Every structure is written in C-alpha cells, then in structure tokens.
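>>> pasting the sequence and the predicted coordinates here, then a few questions.
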Amino acid sequence: MKKIVRNKTLLLLLSIFILVGFIGCGTGEDNKKETTTQKDTDAVSSASVVDDKDSFTKAAGKNGTWIIILTDDLEFTEDIVVEGNFTHNNEPARKIAMYDQDENRNKTKSYKLQAPTLTVRSENTRLQGGTFVGDVYVEAKGFALVDGKIDGNLYFMNEEIQESFRLDEGASVTGETKVKKKDE
C-alpha cells in the first residue's frame, strides 16, 4: 500500500514539474496573428500601364487605379470618363501620366490622348506630361494640368470647381477656360 501511495505522489510531483516547465518556457507574448480584410482600394501600390483603349477605359473607371500610365498615343471616337474615389499618400488623387521618364524622373517622351470629351469626376485628378486633344469637362475639385497641354476647351461644372483648378507653369489650354456644364 505504501508503494502505491509513494508512486502516486511521485507521479503527481512529476506532473507538477512538467507543467511548471511548460509554463516557464512560454514567452508571455500573445502569438495570435491578426487577420484583417482591406476594404478600401490600395491605390498607393496600384497603377495601370496602358497602350490600348480597353485597358485605358478600365483603368479610368470606378474600379480602376489611381494612376494611369500611357505608353503610346491613344485615340478614342467615344467620350472618356474618369471616375471613382482613389487616394495617394492618404489624399484623394488621380493621375493620367502621358509620358515616359528615365531613372532620374526626367521626361523622355510625351504621348497624345485624343477623344471628343474627357469628363473628370475624380477629385484631385491631374493630366500630366502630354497632350489631351478634345474638350475637358471637370466635375470634381482639384483638377490640375501639369507639364502638359489641352488642345481644346476646358470647362468646369461650377465656379467652386474652377477656383480649385491648378495650371502649372509650362502647361497650357488652347481653347477657352470657363464654367459650362456638359449639357449646355
């Protein structure tokens, strides 16, 4: 009987030592990995490099990308609409880059985008580095023309949107620039 009690006591002590050993080996840190689902567009890392009309149209749409990079001249017979909410550096942004650049970010070539009209519905959209041939209708704040040209008219939906427009040095509009809704 004494042997059974002694064996049970030894087994209990051994179990306690093993348990203490496992507890002592823990780091005290919570190793649970958090899983998150990204609901917003990761516009910072997404860009569309386009050389055809279908790719451009998709990139300019609501589910497109914040930056559209042309690698060739494009000519549309139908109107173009740039729409959707995108961000870059945590700010609303949209960019149509109509140029090539070298590793030092010097412009090496400009491209031409042509359509009857370009309607801009994305906030802080900028046309940069090339020429848009046609009329541009701006329906969102913060439109900018940077180192480029609009060979046509530039119309704004209202005065507030026109006042938010930025024409950088070296950029130009050949036609008139005024408030005019698209249907007028």
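Yep, that arrived.
>>> for this protein, which segments are assigned as helices?
With helices called from DSSP state H, the chain shows them at 2-25, 53-60, 159-163.
>>> any stretches of the chain with poor pLDDT?
1-45, 184 (pLDDT under 70).
>>> so what touches stretch 161-177?
126, 135, 138-156, 178-179 (C-beta atoms under 8 Å, 6 or more residues apart in numbering). Bear in mind the C-beta positions are built from the backbone N, C-alpha and C, glycine included.
>>> state the distance from residue 129 to residue 136.
Computed as C-beta to C-beta, to the nearest Å, the residue 129 to residue 136 distance reads 16 Å.
>>> could you find the closest non-adjacent residue to residue 122?
residue 94 (4.0 Å; C-beta to C-beta, 6 or more residues apart in numbering).
>>> residue 68 now?
Distances taken as C-beta to C-beta, 6+ apart put residue 59 closest to residue 68, at 4.5 Å, once the chain neighbours are dropped.
>>> got a list of what that neighbour touches?
Counting by C-beta under 8 Å, 6+ apart, residue 59 has contacts 48, 50, 65, 68.
>>> farthest-apart pair in the residues you listed, please.
50 and 65 (9.7 Å; C-beta to C-beta).
>>> what's the burial count for the closest residue to residue 182 other than its chain neighbours?
Using C-beta to C-beta, 6+ apart and skipping the chain neighbours, the partner closest in space to residue 182 is residue 137 (4.6 Å). Residue 137 has 21 neighbouring residues, counting by other C-beta atoms under 10 Å.
>>> check the gap between residue 80 and residue 56 for me.
Counting by C-beta to C-beta, the gap from residue 80 to residue 56 is 8 Å.
>>> and for those two, which residues touch both?
Listed as contacting both residue 80 and residue 56 by C-beta under 8 Å, 6+ apart are residue 113.
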